[in-house]
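**Student:** Here is a sequence with its predicted model. Questions after.
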Amino acid sequence: MGPGNCTTEKSEIARDVLSYLIDNPDAQDTLEGIIEWWLLERKIESRTTNVKEALAELVTTGMILERKGTDLRVRYVINSSKLDEIRGLLTAGTR
Amino acid sequence: MNADTVLLLDFDPAGDLGLRVQEILEPPFGHGIHVQREPVAAFDAGLRDAEVRRLMLRAAPSLIILVLPDGDPESAASLFESLTVPVIVVIGSAEPREMLKLLELGATDFISPPLSPLNLLPRMWRLLDRARRGEDLKNSLKQKLGLKLLVGDNPSFVAEVNRIPVVAKCDATVLILGETGTGKELFARAIHYLSPRAAKPFVPVNCGAIPVDLVENELFGHERGAYTGASTSAAGLISEADGGTLFLDEIDCLPPMAQVKLLRFIQEKEYRPLGSSRIQRADLRIVAASNTDLRQAVQSGRMRQDLYYRLNILPFMLPPLRDRREDIPLLTRRFIVKYAAEFGKQLTGLAPGAIRVLLAHDWPGNVRELEHVIERAAVLSEGPVVLETDISVQTLEPDAERDSFQEAKAKVIERFEKTYIKGLLLAHGGNITRAAQAAHKNRRAFFELMRKHNIEGRTFKATPE
């Protein structure tokens, strides 16, 4: 890992710690707890937000469809009428 | 914001617990909630569950408080299937085993008398707040990933890990017992971060590390002028941990006066800082831990019996590493990855000889000792594989200056016997008959030696990778 990566990682960690404390201003713990739990929670938080946003975008563009069950939970499925378009997008993405 | 409805299902209408709960939930104490108390007659289970479902549909509550009569909590088992919101059980008295059963059945928390607003309301607000924020997905991910920090496949260890989410969601005091280095603080932290108190402080304290004269000051704080040199008032750790969890490790090291004050705090949620005439309140969860047998500490008078009973509501027993030898390769891999990254080394694993040394050692310092050994090995290792020569474990060495001839000889013999037996068991995959044949001893005598040194054949069946 080069020094540049190290700096980026450090600033990401610093950002995660601060954002955790902004969301949980009463929190306090030792180094172990911050490594084990605070940073884990930040990862889950950002991953959940990103996945939610990505799904919303895919629904908006019609690539995937929302299906609401009787239990009111939403399930996502591929829009089979756009299969060719999706394949094209994925192929373009791997180039 | 609409008021949350709290449905108070009173299965003991003849008793006064339901009325007392209602009194606490209504103004002036409770506010921002709508309380609906429903006395439920003791029908047979089917009719009772149908009645509860009907009440649930009508009230659409955010939280249920279930007042149960003393007795067998398992009789309420089918009831929990109808309850789709957090449930606090209020019960006159119950054994720790019964309380755990209630949590396993689906109760979110439980509370027994004396009931007070300070005991009931904060835990209710926390649950309502959590439900309102709808964090189920994030919490289940946190639980799944967080519990991976507790590494091990040993059934006793896994059973204890699996109890964490159940215990975490309630607010009762927890006692974690286990030898030094078995992971008591890891367990305490998992309980805190999977509990409704996760956003609040986690304050770990090693009671044994605080000088006896300073313990009360550390825990409860002091007022200005409380003693010579106390020029300003200072908050104690209880105040620091307000809202969160206070982890009291080596609880048996608390001096008697501090034990009395702690007991009073656990019971009343009130305390008085040194030199203060004002009573202060704090709402926190206590997780205590010890590496000694606390029943013995009670018998010898080192620990107050009433405090022991107050702490021992939900106990955890963490097995020592020598009793879960099969986890050694798993833990070792984890530490190798950790320290390879930390020291910038390309370590890929351990040589079979190194694994054999690790499996044969008794690990009096448990997982912590294993971690230190691997850390040292990672530093010393010159190639991609950690060799037997990189591993240095401390063995029982005779002390020529202190030990008598007999004591020194006994230590050497003990060390020889242990190493020899374990070496044979390792070589024969834990097969006692074959190990005994290799030693030219009969199986019974070999087994007696194993028993003398507390060595179990099954723990040598782990396949090193």
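**Tutor:** Here it is on my side, so go on.

**Student:** B:Ile111: neighbouring residues, count only.
**Tutor:** 21 (other Cβ atoms under 10 Å in any protein chain shown). Backbone N, C-alpha and C define where each C-beta goes, glycine included.

**Student:** Over to it: give its phi and psi.
**Tutor:** phi -150, psi 140 (degrees, to the nearest 10).

**Student:** Quickly list what it is bridged to.
**Tutor:** B:Val90 (DSSP bridges).

**Student:** which residues does it contact?
**Tutor:** Shown in contact with B:Ile111 (Cβ atoms under 8 Å, 6 or more residues apart in numbering or on different chains): B:88-91, B:119-120, B:123, B:171.

**Student:** can I get those in CSV with pLDDT and neighbour count?
**Tutor:** Formatted as CSV, the contacts of B:Ile111 follow (pLDDT from 0 to 100; neighbours: other Cβ atoms under 10 Å in any protein chain shown):
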residue, pLDDT, neighbour count
B:Ile88, 92, 23
B:Val89, 91, 26
B:Val90, 91, 24
B:Ile91, 88, 24
B:Asn119, 84, 19
B:Leu120, 89, 22
B:Arg123, 86, 23
B:Asp171, 90, 23
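
**Student:** How about the one residue sitting closest to the centre of chain B: which residues does it bridge to?
**Tutor:** Centroid-nearest residue in chain B, with Cα atoms, centre = their mean: B:Ile176, separated by 4.2 Å. With DSSP bridges applied, B:Ile176 shows beta-bridge pairing to B:Ala289, B:Phe316.

**Student:** does it really touch B:Leu318, like I thought?
**Tutor:** Yes. B:Ile176 is in contact with B:Leu318 according to Cβ atoms under 8 Å; the separation is 6.7 Å.

**Student:** Need the overlap of contacts for these two.
**Tutor:** B:184, B:187.

**Student:** Give me the below-cutoff pLDDT ranges for chain A.
**Tutor:** Scanning chain A for pLDDT under 70 picks out the ranges A:1-5, A:69-72, A:94-95.

**Student:** returning to what we had before: of the contacts of B:Ile111, closest to B:Tyr271?
**Tutor:** In terms of Cβ to Cβ, no member of the contacts of B:Ile111 lies closer to B:Tyr271 than B:Asn119, at 15.2 Å.

**Student:** Secondary structure element for the spatially most central residue of chain A, which one?
**Tutor:** Central residue of chain A (Cα atoms, centre = their mean): A:Arg47, 2.3 Å from the mean position. If you go by DSSP states H and E, A:Arg47 is part of helix A:39-60.

**Student:** Residues touching that helix, excluding its own?
**Tutor:** So helix A:39-60 is contacted by A:13, A:16-17, A:19-20, A:23, A:64-66, A:76, B:137-138, B:141-142, B:145-146, B:193 (Cβ under 8 Å, 6+ apart).

**Student:** Compute the inter-axis angle for the helix or strand just after that helix and helix A:39-60.
**Tutor:** Later in the chain than helix A:39-60, the nearest helix or strand by DSSP H and E is strand A:64-68. For strand A:64-68 against helix A:39-60, the angle by axes from the mean of the first three to the mean of the last three Cα atoms, to 10 degrees is 100 degrees.

**Student:** list the helices and strands strand A:64-68 packs on?
**Tutor:** Counting contacts by 3 or more Cβ pairs under 8 Å, 6 or more residues apart in numbering or on different chains; DSSP states H and E, strand A:64-68 is packed against helix A:39-60, strand A:74-78.

**Student:** Report the distance from the host helix or strand of A:Ser19 to the chain centre.
**Tutor:** If you go by DSSP H and E, A:Ser19 is part of helix A:3-23. Chain-centre distance of helix A:3-23: 16 Å, with Cα atoms, centre = their mean, to the nearest Å.

**Student:** May I see the domains of chain A written out as residue ranges?
**Tutor:** Split into domains by automatic domain parsing, chain A comes to A:1-60, A:63-95.

**Student:** possible to save these as JSON lines with distance to B:Ile355?
**Tutor:** Listed next are these as JSON lines, based on distance: least, Cβ to Cβ, whole Å:
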{"stretch": "domain A:1-60", "distance to B:Ile355": "27"}
{"stretch": "domain A:63-95", "distance to B:Ile355": "41"}
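
**Student:** Pick the most deeply packed of the ones you listed.
**Tutor:** The highest mean neighbour count among the domains of chain A, using mean count of other Cβ atoms under 10 Å in any protein chain shown, belongs to domain A:1-60: a mean of 14.

**Student:** roughly how far is the helix holding A:Arg47 from the heart of the chain?
**Tutor:** 3 Å.

**Student:** Just the angle for it relative to helix A:3-23, thanks.
**Tutor:** Using the same axes, to 10 degrees: helix A:39-60 against helix A:3-23 is 90 degrees.

**Student:** hey, C-alpha coordinates of helix A:39-60 in PDB?
**Tutor:** The C-alpha trace of helix A:39-60 is given here as PDB (Å, rounded to 0.1, in the frame of the first residue of the first chain):
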ATOM      1  CA  LEU A  39     -16.600   1.700  11.800                       C
ATOM      2  CA  LEU A  40     -18.700  -1.400  11.100                       C
ATOM      3  CA  GLU A  41     -21.800   0.600  11.600                       C
ATOM      4  CA  ARG A  42     -20.600   3.400   9.300                       C
ATOM      5  CA  LYS A  43     -19.900   0.700   6.600                       C
ATOM      6  CA  ILE A  44     -23.400  -0.700   7.000                       C
ATOM      7  CA  GLU A  45     -24.900   2.800   7.000                       C
ATOM      8  CA  SER A  46     -23.200   3.900   3.800                       C
ATOM      9  CA  ARG A  47     -23.700   0.600   2.100                       C
ATOM     10  CA  THR A  48     -27.400   0.600   2.900                       C
ATOM     11  CA  THR A  49     -27.800   4.200   1.700                       C
ATOM     12  CA  ASN A  50     -25.900   3.500  -1.500                       C
ATOM     13  CA  VAL A  51     -27.800   0.300  -2.300                       C
ATOM     14  CA  LYS A  52     -31.100   2.100  -1.600                       C
ATOM     15  CA  GLU A  53     -30.100   5.000  -4.000                       C
ATOM     16  CA  ALA A  54     -28.900   2.600  -6.700                       C
ATOM     17  CA  LEU A  55     -32.100   0.600  -6.500                       C
ATOM     18  CA  ALA A  56     -34.200   3.800  -6.800                       C
ATOM     19  CA  GLU A  57     -32.200   4.900  -9.800                       C
ATOM     20  CA  LEU A  58     -32.600   1.500 -11.500                       C
ATOM     21  CA  VAL A  59     -36.400   1.600 -10.800                       C
ATOM     22  CA  THR A  60     -36.600   5.100 -12.200                       C
END
